[in-house]
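*Asks:* Got a sequence here, can you build the structure:
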Amino acid sequence: MPDEPRILWQDERLLFLLKPAGLASQGDRDGQPSILDWLDRQGHRCDPVHRLDRPVGGVMLFGLDSESVRRLSRQFANREVQKTYLAITRPLPDPPEAELHHRLTHDRRRNLARVSPGGRLAELAYRTLATVEALALLEIVPRTGRPHQIRAQLAAIGCPVLGDARYGARKPLKDRSIALFASSLKLRHPFSGQDLEVHCSPAGAPWDRFGL
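*Replies:* Below is the predicted model of the structure:
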């Protein structure tokens, strides 16, 4: 079972939450519990302004009213929100730091992204923070927000996310998560204009191999 979500920061307009890996961002066809179900049980009626894939954990942002959702969604659409992720890959990327530019198509039926000349541009920057044997800990800043972008782009350079068997990893992790974590969001408060940055670090296996 996924760990329990945790509220990281909130005011009367916004709520930042730690989504555990394995919990859906919102309800889907299989009827499994979602982050929205948990928030509803806590008495929070809110809407997500972005998503994280089910096997990915990390920081998620919610608006507590429709105007907040509208303004936050506009920041995401205009690429004014800085998202930072941590990932563990096998093998080590070469070079250890680079920018990636691919064109991706998304197969909605299979929920799979592929590199394709006719796809939409996907861009990210990564840098290697540490290595342990054949594993690399990467910091990743996506410049675009394509579905499965980080997973597909790292796989395209031969460095799939650890545990991400869908994108070429050797085998899944025991808990069916993948070693990809949304570690921070930086944006402007939609009403005050104040700069906000909320961080969270992953914990437990396999992150503990890097002292996290």
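
*Asks:* Give me the buried stretch members for the lengthiest strand in the chain, please.
*Replies:* Longest strand in the chain by number of residues (criterion: DSSP state E): strand 120-132. Applying a neighbour-count criterion of 16 or more other C-beta atoms under 10 Å, one finds Ala122, Leu124, Tyr126, Thr128, Thr131 buried in strand 120-132. (Each C-beta comes from the backbone N, C-alpha and C, glycine too.)

*Asks:* Kindly report the same for stretch 77-94.
*Replies:* Going by neighbour count (16+ other C-beta under 10 Å), the buried part of stretch 77-94 is Val81, Lys83, Thr84, Tyr85, Leu86, Ala87, Ile88, Thr89, Arg90, Leu92, Pro93.

*Asks:* So the first one sits against Gln75, correct?
*Replies:* Translated: Val81. Yes - Val81 is within contact range of Gln75, at 5.2 Å (criterion: C-beta atoms under 8 Å).

*Asks:* circling back: for the very next helix or strand once past the longest strand of the chain, name the packing helices and strands.
*Replies:* Later in the chain than strand 120-132, the nearest helix or strand by DSSP states H and E is strand 135-142. Applying 3 or more C-beta pairs under 8 Å, 6 or more residues apart in numbering; DSSP states H and E, we find strand 135-142 packed against strand 82-89, strand 120-132, helix 149-156.

*Asks:* Which elements pack onto the longest helix belonging to the chain?
*Replies:* Assignment by DSSP state H gives helix 66-77 as the longest helix of the chain. With contacts defined as 3+ C-beta pairs under 8 Å, 6+ apart, helix 66-77 has these neighbours: strand 57-63, strand 180-188.

*Asks:* Turn these into JSON lines, including mean neighbour count, mean pLDDT and distance to Leu104.
*Replies:* Listed next are those as JSON lines, based on neighbours: other C-beta atoms under 10 Å; pLDDT from 0 to 100; distance: least, C-beta to C-beta, whole Å:
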{"stretch": "strand 57-63", "mean neighbour count": "24", "mean pLDDT": "96", "distance to Leu104": "21"}
{"stretch": "strand 180-188", "mean neighbour count": "21", "mean pLDDT": "97", "distance to Leu104": "16"}
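
*Asks:* Could you take those and lay them out as JSON lines, with extra columns for distance to Leu100?
*Replies:* Shown next, in JSON lines, are these (distance: least, C-beta to C-beta, whole Å):
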{"stretch": "strand 57-63", "distance to Leu100": "20"}
{"stretch": "strand 180-188", "distance to Leu100": "15"}
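
*Asks:* I'd like to know which of these is closest to Ser201.
*Replies:* Proximity of these to Ser201 was assessed by C-beta to C-beta; the nearest stretch is strand 180-188, lying at 6.6 Å.

*Asks:* Quick one: end-to-end distance for stretch 103-119.
*Replies:* 5 Å (C-alpha to C-alpha, to the nearest Å).

*Asks:* Pull out the buried residues from it.
*Replies:* Leu104, Thr105, His106, Ala113, Arg114, Gly119.
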